[in-house]
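Visitor: Task: produce atomic coordinates for the following.
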Amino acid sequence: MMKNLKKLSLLLLVAAIMVMAAACGGATSKEDTAKKESAKQETTKELSGSLVISGSTALQPLVAAAAEEFMNKNPKVSIQVNGGGSGTGLSQVSQGAVQIGNSDVFQEEKNISGLVDNKVAVVGMTAAINSKVGIKDIKKADLIKVFTGQIKNWKELGGADQKITLVNRPDSSGTRAVFNKFALGGATPAEGITEDASNTVKKIIAETPGAIGYLAFSYLTDTTVTALSIDGVEPTAENVESGKFPVWAYEHMYTKGQPTDVEKAFLDYIISDEAQTALLPKQGYIPVTKMQVERDAKGNVTNK
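Guide: Residues are numbered from 1 along each chain as shown. The predicted structure follows:
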């Protein structure tokens, strides 16, 4: 009898322990499941918010195209892309008026500091002329004479008998700064027509006999104007990548402090493999990773 009671007590003790273990295990399992669900929801949380971006009109076509693709993938995100020139983009992002400032030049070149630089692409730039001028190549020395007003008619360079009309960008333009520095050797252009936006410059060149201006490759994707070779070197992506064609710039997207949330997600998209291999070449830009040379803020070029 006594033995039976001991056996019964032992069985009851074992059963109680098993019940307690199951209860604890069930609680742990529920906690783990809840944590996993929470993490899953956090990971799949839909991106939302808005961005205002301004600055370089040379970079504007790429950013606008990327913004359209990004908003298609993230319907709760709104992105507004404005031009205004590199100086405007840098000053506005520095003041906190926009989240991202686009620029063809380093912030140091506009005497601005403290911004976070995101190099998203490279773009070549060259002189562009009205297609009826009749030339396709120009010596750098002659290009300087054209823009400084020393050569006033295209017949002096073997072109049509047409008066040269200069189309410039304002001082705030990064395209102007890059072209002046690397195509004109730092020379100051003579007075001419001055326009804020690259697309307007292109339109004026196309419609004005004898006109010449300068444009990023991203605006030279058709035959409405003629892109000039310089010293026999064609303005192609391959020649920019190798360093043979010297008129090019990094395309910077500056933020005030480290990018957060929507800013970071959009910047990550632009430098993603998807955008770099498909979107950039289509829009006339070059991935930074393809460059065989690199350039610092002072304009010094070195091989990679």
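
Visitor: Give me the domain ranges for the protein.
Guide: 49-122+248-303, 123-242 (automatic domain parsing).

Visitor: Would you mind giving those as JSON lines with mean neighbour count and mean pLDDT added?
Guide: Using the backbone N, CA and C atoms, a C-beta is placed for each residue, glycine as well. As requested, the domains of the chain are exported to JSON lines (neighbours: other Cβ atoms under 10 Å; pLDDT from 0 to 100):
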{"stretch": "domain 49-122+248-303", "mean neighbour count": "19", "mean pLDDT": "96"}
{"stretch": "domain 123-242", "mean neighbour count": "19", "mean pLDDT": "96"}
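
Visitor: Let me see the ranges of the strands in the stretch 151-300 of the chain.
Guide: Applying DSSP state E, counting those that start in this stretch to the stretch 151-300 of the chain gives strands spanning 165-168, 193-194, 211-216, 225-227, 229-230, 248-255, 293-295.

Visitor: do you know which of those lies nearest P75?
Guide: Smallest distance to P75 across those (Cβ to Cβ): 22.4 Å, for strand 248-255.

Visitor: Now do that closest one: which elements does it pack against?
Guide: helix 86-95, strand 100-103, strand 119-130, helix 174-182, helix 261-270 (3 or more Cβ pairs under 8 Å, 6 or more residues apart in numbering; DSSP states H and E).

Visitor: Please name the nearest non-neighbouring residue to D142.
Guide: Leaving aside its chain neighbours, D142 sits nearest to L157 (5.9 Å; criterion: Cβ to Cβ, 6 or more residues apart in numbering).

Visitor: What residues does the one you found make contact with?
Guide: Neighbouring residues of L157 by Cβ atoms under 8 Å, 6 or more residues apart in numbering: 135, 138, 142, 146, 151.

Visitor: one more time with 10 Å, if that's ok
Guide: Neighbouring residues of L157 by Cβ atoms under 10 Å, 6 or more residues apart in numbering: 133-135, 137-139, 142-143, 145-146, 151, 164.

Visitor: Kindly provide the distance from the residue lying closest to S242 once chain neighbours are set aside to K139.
Guide: Nearest residue to S242 in three dimensions, chain neighbours excluded: Q292, at 5.4 Å (Cβ to Cβ, 6+ apart). Distance of Q292 to K139, given as Cβ to Cβ, to the nearest Å: 25 Å.

Visitor: before we move on, what about K132?
Guide: For K132 relative to K139 (Cβ to Cβ), the value is 21 Å.

Visitor: Spatially, which pair of the contacts of L157 is furthest apart? Let me know, please.
Guide: Greatest spacing in those, by Cβ to Cβ: G134 and K145 (17.9 Å).
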